[in-house]
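>>> no sequence for this one, just the structure:
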């Protein structure tokens, strides 16, 4: 199969790029277009590190082929900069110390952004379940959940037992 030119929107910018038929969306974003804020984790779709929003829904970009993105919209964590809610959520992550090494943070922030836009009344358990596909080896998730709840306007009410 021959290389194919695709057109898509990334972070509100229309782009066109030539992709190989077996190239993942992750490879297209990082290697082809220089979006280094999309991280490579496991390459198997289990860690969530490579999460992007695809037409507004979180997906593991390592599991999608680049050609599947033709005609669609992709948002990376940098695409949240111009969105007031995206900026506010990222600020909460900083304020709450929700990122340590930061490697998984872009995928977690994008998933959290989707979660709060879908359900502003999400409980801590709902948030925990929604983040289940995003692994973090550093934080223990407490500060991540605190940051999301703070963004939703809730005070810290967790106990160690509810973490």
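Perfect, I can see it now. Small disclaimer: the values here were computed from a predicted structure and weren't measured.
>>> drop to CA atoms for contacts and neighbour counts, all remaining ones
Noted.
>>> Helices of the chain, start to end?
Using DSSP state H, the helices of the chain run over 25-27, 84-95, 105-118, 124-130, 142-151.
>>> tilt between the last one and helix 84-95?
Orientation check (axes from the mean of the first three to the mean of the last three Cα atoms, to 10 degrees): helix 142-151 against helix 84-95 gives 140 degrees.
>>> what's next to helix 142-151, contact-wise?
The list of residues contacting helix 142-151 from outside it, by Cα atoms under 8 Å, 6 or more residues apart in numbering, reads 88-89, 92-93, 95-99, 112, 116, 124, 127-128, 155-156, 163.
>>> try 6 Å
Here helix 142-151 makes contact (Cα atoms under 6 Å, 6 or more residues apart in numbering) with 89, 92-93, 96, 98.
>>> What of the second one?
Here helix 84-95 makes contact (Cα under 6 Å, 6+ apart) with 80-81, 147, 151.
>>> and the two most separated of those?
Longest distance between any two of the contacts of helix 84-95 is 17.3 Å, between 81 and 147; criterion Cα to Cα.
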